[in-house]
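Novice: Kindly generate the corresponding structure for this input.
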Amino acid sequence: MDEAAIAEARAIAVNAMSFADVNKLTYRRLQRECKTLGLSAVGTTAALRGSLLEHHGLLREETVVEVPKATAAEIEELCATEGVTFCDESDPDFDFKSVLSEVMQKSSMGHWKAATRKLKTLHKKYSAPERPVPREAYLAVLEACGADRLNGARASVPARKILEDMSTFEYAIPAELANICVASSLGEGPGGTHDGFGGIDTALAMVAAVEASPEGSSILTEASYGRLVTALARDGAVEEAELVLRSMVVEKLFTPPLALFADVAKAAAQSDDHTEDVLQVLTYAKAAGYELDNIAAVETGRELLASGVIAAEKMDNLALGLRLLTAAAKAEGCAPDMGDDLVASSSSAAQRACTLIHKRAIQKASEDNNWKLAVKLLELMPRRGLKPATSVWRSVLNTCCKNEKSRKATAILIDWVTLANEGKAEKPPISIFNTVVNTCEVCGEEELTVKVLDIMKDTLVDGNIITFNIALKRLSKTGNVAGCEGILIGMLNEGIEPNVVSYTTAIGACAKKGMKNAPAASMWIERMRSRNVPPNYHTYNTALAACLDGKLESTFVAAKLATEMLADADFEIACGLKGSVNFKSTLPDAYTKVLARKLMKQLRENWRSGDIDMALAKTTTRVPLLKLVDFEKAIIEAQKTEIQCELPEEEEDEKDEADDQEYEFNLLKEMHDDDHRTAMV
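Specialist: A predicted model of the protein is given here:
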């Protein structure tokens, strides 16, 4: 029912109704009004109108004209005539019989309008309790009205009135005529009308009249009720359609066709107020004997399941939506396709609902760190004709990488690339390749690493800075300083400026155990300063670790680096820091203190071996290292705030790269199995 009708019904319910208002109400509005007033909403149109009229005090009483009555003696005296005797031999039922004859005549000729008018005259003027209109007269007119599908539904209202009168007089109604009237009163137009005639209200009133007649509960067939349910569903009257459907299944023990359930479920799924009613329709379908695992073999069954999936998405009931698709997949007889594929592609609304259900389920699985479920759902999407979004691919891959499932992540990436080459998906972004490559590195899958890099080269023209940093990491793990230098030169040739992670990773090659190179580490710090890339405490710690080779020359380099680190830290304490502490701070941390103590121990071994005078070492080389050890209090005070004075504004690109740099530093955590802290801090 539209909003205007609802508003009108509410207004009528609140205000006093006139006689004309009551007579204008349709059957369903009569029922709603009676329910609103607490009156019985069961019965024929006349009975419902009578209840409302009586409630509002509008019931009209028949006017009886009092005619003076004369006694027999008075009449004889008035009519007395000498020698003449009067005798009334006329038929007292002449008028009744005459009109009845006309009714039967017009009916036999098929003149339903004239027959209806004569029947009304016969009922109003000439019938009496002791002489009611005979059943044959009603049947004759009803047959005339029912011809040619109620004469194009134009005879719907007269047929409805005849059925109601027959029910009132407890006349038996022939099943064939009753079913013809109900079915013919429904059309494809608005409100179930046919060219403006008949409609759902008329059909409902007919059903009520037939069911109230003798043996009426078994007169109407499954087809008649089904036509009424379909009309109600198309009109958006979900509640009424459900009630009739329930009556068919539960009370009359019918087994309606799946198309009937599909019509009601579709109407409920399209309505925002009755979405949950789809579940009730599915329950009725199961009660009628249908199995959800088999109904996808027919089109109407797939439509029913599709409505269930749409409702599940609206209710955010992911388990229900996936369960219905699984049931569709089990159906036999859908070859060469699968039932779930056909359900998902049955309509644009169903496809959208299926896509959203899979997307949300994958997101939930990723949040729960359930990589197996996430992978399973992703594999189902293409099979069901669904196109995973980039965010879905990324979510599954990140979950696999988080759980160090390098082989599964690589397989998923290959599937993604394959679909992208076929035009069925967007190309994976460079960050996805970087994530998978890093996972393969962490898991020690060298062959997979090379394979992913080759796929990336074939799929994308060039990598980004993270890609180069991953390549740096691979070389750094082997202590290949020259190789790292080649990578950095290649970055510059590609127009990609190395960042602090790039240089720190290269310095990490200088800190490889057994291959430490302090001069090279110091050189890299000078080079990064020349490129206007300031080192942070990660960089300094890695360079200091490269000096732990027992050589005096390396200790001197460590002292020089400690002096530079202290100078940068003093500036940061004085002026504050603009940007992220983790990426730009140079304040020594706890690991810096550990490294400084190791370097002082190395210096002590140097003077003990006679490489340097102890007094000279204590007054020169050891001073900056000792200051690093005693810097802990300054660290605590400095890290309370980030900005203390005016500093140059960050470049926009630097702000955008904050998340990428955090990811890049995470790559360094596993760079050295023997001492990963070397590259990490």
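Novice: okay, CA-based contacts and neighbour counts for the rest of this
Specialist: Noted.
Novice: for the stretch 451-600 of the chain, what spans make up the strands?
Specialist: Counting by DSSP state E, counting those that start in this stretch, the stretch 451-600 of the chain has no strands to list.
Novice: Now for Phe197: which residues touch it?
Specialist: Going by C-alpha atoms under 8 Å, 6 or more residues apart in numbering, Phe197 touches Gly152, Ala153, Arg154, Ser156, Ser185.
Novice: before we move on, what about Ala353?
Specialist: Counted by C-alpha under 8 Å, 6+ apart, Ala353 has contacts Val309, Ile310, Glu313.
Novice: Buried subset of those residues, written for ChimeraX?
Specialist: To isolate in ChimeraX the members of these that are buried, counting by 16 or more other C-alpha atoms under 10 Å, one can use:
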select :309,310,313
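Novice: which one of the contacts of Ala353 sits closest to Met104?
Specialist: Taking C-alpha to C-alpha as the measure, Met104 lies nearest Ile310 of the contacts of Ala353, at 55.6 Å.
Novice: Surely that closest one is in contact with Ala269?
Specialist: Yes. The criterion here is C-alpha atoms under 8 Å, and Ile310 meets it with Ala269 at 6.4 Å.
Novice: Is Asp273 part of a helix or strand, or is it coil?
Specialist: Three-state call for Asp273 (DSSP: H, G, I helix; E, B strand; the rest coil): coil.
Novice: Please work out which residues outside whichever strand or helix holds Ala233 touch it.
Specialist: Here Ala233, judged by DSSP states H and E, is contained in helix 222-234. Helix 222-234 has contacts (C-alpha under 8 Å, 6+ apart) with 179, 182-183, 186-188, 191-192, 200, 203-204, 238, 240-242, 244-245, 248, 254, 256, 260, 263-264, 267.
Novice: list the contacts for Asp340?
Specialist: Asp340 neighbours (C-alpha under 8 Å, 6+ apart): Ala296, Leu325, Thr326, Ala327, Ala328, Ala329, Arg384.
Novice: What about the last one? Give its phi and psi, please.
Specialist: Spelled out, that is Arg384. phi -90, psi 10 (degrees, to the nearest 10).
Novice: Tell me which residues touch it, please.
Specialist: Applying C-alpha under 8 Å, 6+ apart, the residues contacting Arg384 are Met338, Asp340, Asp341, Leu342, Ala344.
Novice: Mind doing that once more with 6 Å?
Specialist: By C-alpha atoms under 6 Å, 6 or more residues apart in numbering, Arg384 lies in contact with Asp341.
Novice: now swap in Ser185 and tell me
Specialist: Listed by C-alpha under 6 Å, 6+ apart, the contact set of Ser185 reads Ala153, Ser156, Gly198, Gly199.
Novice: Which strand residues bridge the spatially closest residue to it that is not a sequence neighbour?
Specialist: Spatial nearest neighbour of Ser185, excluding adjacent residues (C-alpha to C-alpha, 6 or more residues apart in numbering): Gly198 at 4.8 Å. Per DSSP bridges, the residues bridged to Gly198 are Thr193.
Novice: could we number from 7 for the rest of this?
Specialist: Done: numbering now begins at 7, and the last item shifts to Gly204.
Novice: what about Gly204, how many neighbours?
Specialist: The number of residues packed near Gly204 is 27, by other C-alpha atoms under 10 Å.
Novice: for Tyr296, helix, strand, or coil?
Specialist: Following three-state DSSP, the label given to Tyr296 is coil.
Novice: Relative to Lys272, how far out is it?
Specialist: Going from Tyr296 to Lys272 by C-alpha to C-alpha, to the nearest Å gives 18 Å.
Novice: pretty sure the residue nearest to Ser191 contacts Ser162?
Specialist: Yes. Look at Gly204 against Ser162 with C-alpha atoms under 6 Å: they come within range, at 5.2 Å.
Novice: where exactly do the helices run in the stretch 407-556 of the chain?
Specialist: Applying DSSP state H, counting those that start in this stretch to the stretch 407-556 of the chain gives helices spanning 412-427, 436-448, 452-465, 471-483, 487-499, 506-516, 524-536, 543-552.
Novice: list the helices and strands the fourth one packs on?
Specialist: So the one you mean is helix 471-483. Identification of packing neighbours for helix 471-483 by 3 or more C-alpha pairs under 6 Å, 6 or more residues apart in numbering; DSSP states H and E yields helix 506-516.
Novice: how near is the closest residue to Met23 other than its chain neighbours to Asn29?
Specialist: Distances taken as C-alpha to C-alpha, 6+ apart put His62 closest to Met23, at 6.9 Å, once the chain neighbours are dropped. Using C-alpha to C-alpha, we find His62 at a distance of 13 Å from Asn29.
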